[in-house]
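K.L.:
Generate a structure from the sequence data that follows.
(4 chains)
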Number of protein chains: 2
Amino acid sequence: MKDPLILVIEDEESIRGMLRMALEIAGFECIEADNIQSGHTMIANKRPDLVLLDWMLPGGNGIELLRRLKREDSTKELPVIMLTAKTTEDNMVQGLEVGADDYVTKPFAPRELIARIKALLRRSPGVLQDERMQVGKLILDGESKRIFLGQEILEMGPTEFNLLHFFISHPERAFTRGQLLDRVWGANVYVEERTVDVHIRRLRMALQSASLDYSSIIETVRGTGYRFSSRSVVPAAERFEASGMHSAHWQ
Amino acid sequence: MKDPLILVIEDEESIRGMLRMALEIAGFECIEADNIQSGHTMIANKRPDLVLLDWMLPGGNGIELLRRLKREDSTKELPVIMLTAKTTEDNMVQGLEVGADDYVTKPFAPRELIARIKALLRRSPGVLQDERMQVGKLILDGESKRIFLGQEILEMGPTEFNLLHFFISHPERAFTRGQLLDRVWGANVYVEERTVDVHIRRLRMALQSASLDYSSIIETVRGTGYRFSSRSVVPAAERFEASGMHSAHWQ
DNA sequence: AACCATTGTCATAATTTTGTAACGCAAATG
DNA sequence: CATTTGCGTTACAAAATTATGACAATGGTT
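P.N.:
Alright, predicted model coming up:
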């Protein structure tokens, strides 16, 4: 999985440096801004997973930015940790009230900061996930992270699960290996394109149970890549029912 | 078991937001009202398990609503926690006199609030604690805080008990280590994610008696976390019986 | 104070999953 | 047909992820 991206908005060069080092050691990607202005821009462009925001900043108070972030829907969910020099209760309270997800007072122990960052980050991924989709007798349950074929549970690795998840939500459409790598493996991951073939095979293998064989639901599009198509396996009757909901439905 | 439903009656948007986040992380359902009026309506319609009531509210004092709630039989039992900005003894006393079950002064630590909510919910029957749940031959008795496997009593530490309690109330669903930390250990607890592994192991160890071995009822979901699934241990016949009660029932 | 149970962390072992390379067949090309 | 190109398969070693055992800190008891 890709390293989480942390944006540090802090004007003091030395503190930024320390933070960058601590963050990178802990395995985070790190980008920096030294003022509200560029900080806001970076949030819009780089889409960080979390923001460390200094309380006092030139060109506008830090809490001002925080307020703006929590007001906009697009950034409302973005976790923000306030960095404050003062220990006064006032600041903390005000920060939390405006919507900071946590705050840390300088000087802070890097270890504690990292722990808090992790604590916040672990809440993020579970938001956009748990759906349930079905095509024919093939069911993908995002909650339990399982695949059912009829009554049986299919065993497969995480990558195959993600691949199937992507396919089942983008049916009847051909993707190149490159597209699959970008959208299933994630951008900026350098992996041989032919590796996709191997995972396609593993997925096909997994798509057969004792009684049913759905392996051909993933079709090869020669010269292009692969396509998930229910036409090849799902009987006509079921197909009609499913197609009405764009080949998948949730319950 | 369905998550307890908490109603937050509070006019300040930012505080509501913070509360919602804290509550949801702690595993509660959350609905909100920004004034006495709609708050009262929601209590009647949604039947929350507990109410967080701000002291000062537009359209009628918060304590006014509290008084009304405690007067009516239908809502007399409904636990209410007052939120007050002032630390003055007066308010607190007045609130408790009118029948608030607890009160918390702002600024409050989310952790403390959650703890108090749980403490209150424990008292109301059938909501949080005193339940008895069963999956196969595994029985969790909330009152005695004991676990039975068939005839035997299983020994385990508090954390393992809580973990099992959480799992048994949320079966057939995969959780990340982070989610487990948030919901079993509590929000705002900074613990290494790997620690979950260790407790899972301890729980699995505990889940075997002399005659029965239920350790595999906790499945590891590679790349994600863990899942409590009765499929692996409970015979089909029993499974049917249990599933009808959503895999758990209480007395 | 000594003891015991419980916890959170590490270090290390055990397993699974992943990415590649290699080989052979099948489908286009001409 | 002979070639070339693309894909399916298999086998492996590297990389990730989990399981496990040990240990020190903590907190409560006796």
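K.L.:
what about the strands in chain A?
P.N.:
For chain A, the strands defined by DSSP state E cover A:5-9, A:29-33, A:50-54, A:80-84, A:102-105, A:132-135, A:138-141, A:146-149, A:152-154, A:174-176, A:218-221, A:225-228.
K.L.:
Next, format those strands as a markdown table and append distance to DNA strand C, mean neighbour count and mean pLDDT.
P.N.:
C-beta here means a position set from N, CA and C on the backbone, and glycine is covered the same way. Below are these laid out as a markdown table (distance: least, C-beta to the nearest atom of the strand, whole Å; neighbours: other C-beta atoms under 10 Å in any protein chain shown; pLDDT from 0 to 100):
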| stretch | distance to DNA strand C | mean neighbour count | mean pLDDT |
| --- | --- | --- | --- |
| strand A:5-9 | 20 | 23 | 91 |
| strand A:29-33 | 18 | 19 | 88 |
| strand A:50-54 | 19 | 25 | 90 |
| strand A:80-84 | 18 | 22 | 84 |
| strand A:102-105 | 16 | 18 | 75 |
| strand A:132-135 | 20 | 20 | 91 |
| strand A:138-141 | 16 | 20 | 95 |
| strand A:146-149 | 12 | 21 | 96 |
| strand A:152-154 | 12 | 18 | 95 |
| strand A:174-176 | 14 | 17 | 96 |
| strand A:218-221 | 9 | 15 | 96 |
| strand A:225-228 | 15 | 20 | 96 |
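K.L.:
Please identify which of these is closest to DNA strand D.
P.N.:
strand A:218-221 (3.5 Å; C-beta to the nearest atom of the strand).
K.L.:
gap between whichever residue of chain A sits closest to DNA strand C and residue B:232?
P.N.:
Of the residues in chain A, the one nearest DNA strand C is residue A:157, at a distance of 2.6 Å by C-beta to the nearest atom of the strand. Distance, residue A:157 to residue B:232, by C-beta to C-beta, to the nearest Å: 19 Å.
K.L.:
re the thing from before, out of the strands of chain A, the one nearest residue B:104 is which?
P.N.:
Shortest distance between residue B:104 and the strands of chain A, using C-beta to C-beta, is found for strand A:102-105: 19.1 Å.
K.L.:
Sheet partners, orientation included, of the closest one?
P.N.:
In the sheet, strand A:102-105 lines up against strand A:80-84 (parallel) (DSSP bridges).
K.L.:
Please compute how far the strand it pairs with lies from its chain's middle.
P.N.:
23 Å (C-alpha atoms, centre = their mean, to the nearest Å).
K.L.:
Need the residues that contact that strand.
P.N.:
Residues outside strand A:80-84 that contact it (C-beta atoms under 8 Å, 6 or more residues apart in numbering or on different chains): A:10, A:50-56, A:62-63, A:66, A:69-70, A:91-92, A:95, A:99-106, A:108, A:113, A:116-117, A:120.
K.L.:
Got the domain ranges for chain A?
P.N.:
As assigned by automatic domain parsing, chain A contains the domains A:5-126, A:132-243.
K.L.:
With respect to those domains, which exhibits the lowest mean confidence?
P.N.:
Comparing mean pLDDT over the domains of chain A, the weakest stretch is domain A:5-126, at a mean of 78.
K.L.:
do that one and DNA strand D meet at all?
P.N.:
No. If you take C-beta under 7 Å from any atom of the strand as the test, domain A:5-126 misses DNA strand D, and the best it gets is 10.1 Å.
K.L.:
quick one: the helices in chain A?
P.N.:
Ranges of helices in chain A, per DSSP state H, are A:13-25, A:36-46, A:62-71, A:73-76, A:89-98, A:110-121, A:158-169, A:177-180, A:194-206, A:236-243.
K.L.:
can you put these in TSV and add mean neighbour count?
P.N.:
Shown next, in TSV, are these (neighbours: other C-beta atoms under 10 Å in any protein chain shown):
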stretch	mean neighbour count
helix A:13-25	16
helix A:36-46	16
helix A:62-71	19
helix A:73-76	11
helix A:89-98	18
helix A:110-121	18
helix A:158-169	19
helix A:177-180	16
helix A:194-206	16
helix A:236-243	13
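K.L.:
Could you export those helices as JSON lines, including distance to chain B?
P.N.:
As requested, the helices of chain A are exported to JSON lines (distance: least, C-beta to the nearest C-beta, whole Å):
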{"stretch": "helix A:13-25", "distance to chain B": "15"}
{"stretch": "helix A:36-46", "distance to chain B": "18"}
{"stretch": "helix A:62-71", "distance to chain B": "7"}
{"stretch": "helix A:73-76", "distance to chain B": "8"}
{"stretch": "helix A:89-98", "distance to chain B": "4"}
{"stretch": "helix A:110-121", "distance to chain B": "4"}
{"stretch": "helix A:158-169", "distance to chain B": "3"}
{"stretch": "helix A:177-180", "distance to chain B": "18"}
{"stretch": "helix A:194-206", "distance to chain B": "14"}
{"stretch": "helix A:236-243", "distance to chain B": "24"}
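K.L.:
Save these as CSV, and put in distance to residue B:202 too.
P.N.:
Converted to CSV, the helices of chain A look like this (distance: least, C-beta to C-beta, whole Å):
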stretch, distance to residue B:202
helix A:13-25, 30
helix A:36-46, 41
helix A:62-71, 40
helix A:73-76, 38
helix A:89-98, 35
helix A:110-121, 22
helix A:158-169, 25
helix A:177-180, 40
helix A:194-206, 32
helix A:236-243, 45
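K.L.:
Can you tell me how far residue A:35 is from residue B:166?
P.N.:
Separation of residue A:35 from residue B:166 (C-beta to C-beta): 44 Å.
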